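> heads up, no residue letters with this:
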């Protein structure tokens, strides 16, 4: 059975080594601190909340845009070498568990990645090499979440044969 990381690599087309190239340098330091991550998350969520596809916008309907921006940039800052802002405020990132309430499908991942690529392309405070590393990480992580979503949905539908054959008490 494939691991979630292996599925993420297969489905995203990004090798694990390329996905985690963000760990080879401290992007937080090399990009100069918080602002590039705030810019990226603001650009991203402005696109998401204005998306023409209602099904995609509805995924985010129960979240305030400002909260979504803050959660994302704090996670990115923490994951890319900065202070643990996300964990200090929200606890362990636990990405699969945090995304469990949402329909994390391949279609949703592709739409998310579309907006992230456009946001990266228009965030002038991030250099081209960092953009490539970050997008590889985002692609791999998006499909890691898809694989995790599929795994948890399958696990929920499995019924223990002993429980299924037991007469009601």
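Received the coordinates, thanks. In this text, all values refer to a predicted model and were calculated from it rather than measured experimentally.
> residue 119 sits in which helix or strand?
When elements are assigned from DSSP states H and E, residue 119 belongs to helix 106-121.
> ok, and what's touching that helix?
Helix 106-121 is contacted by residues 11, 40, 43-44, 47-48, 51, 53, 56, 59, 102, 126, 131, 134-135, 138-139, 142-143, 145-146 when judged by C-beta atoms under 8 Å, 6 or more residues apart in numbering. In this view, the C-beta of every residue, glycine as well, is placed from N, C-alpha and C.
> buried set for the helix or strand just after that helix?
Going down the chain from helix 106-121, the next helix or strand is helix 128-157, by DSSP H and E. By 16 or more other C-beta atoms under 10 Å, the buried positions in helix 128-157 come out as 130, 133-149.
> the inter-axis angle of helix 128-157 versus helix 106-121?
Angle, helix 128-157 to helix 106-121, by axes from the mean of the first three to the mean of the last three C-alpha atoms, to 10 degrees: 160 degrees.
> tell me what helix 128-157 is packed against?
Packing partners of helix 128-157 (3 or more C-beta pairs under 8 Å, 6 or more residues apart in numbering; DSSP states H and E): helix 4-12, helix 16-19, helix 27-30, helix 95-99, helix 106-121.
> just the buried positions in the first one, please.
What it means is helix 4-12. By neighbour count with 16+ other C-beta under 10 Å, helix 4-12 contains the buried residues 4, 7-9, 11-12.
> please apply the same query to stretch 116-129.
Of all the residues in stretch 116-129, those buried under the rule 16+ other C-beta under 10 Å are 116, 119-120, 123, 126.
> tell me the contacts of the residue lying closest to residue 82 once chain neighbours are set aside?
Of all residues not flanking residue 82 in the chain, residue 28 sits nearest, at 3.5 Å (C-beta to C-beta, 6 or more residues apart in numbering). Residues in contact with residue 28 (C-beta under 8 Å, 6+ apart) are 37, 77, 80-82.
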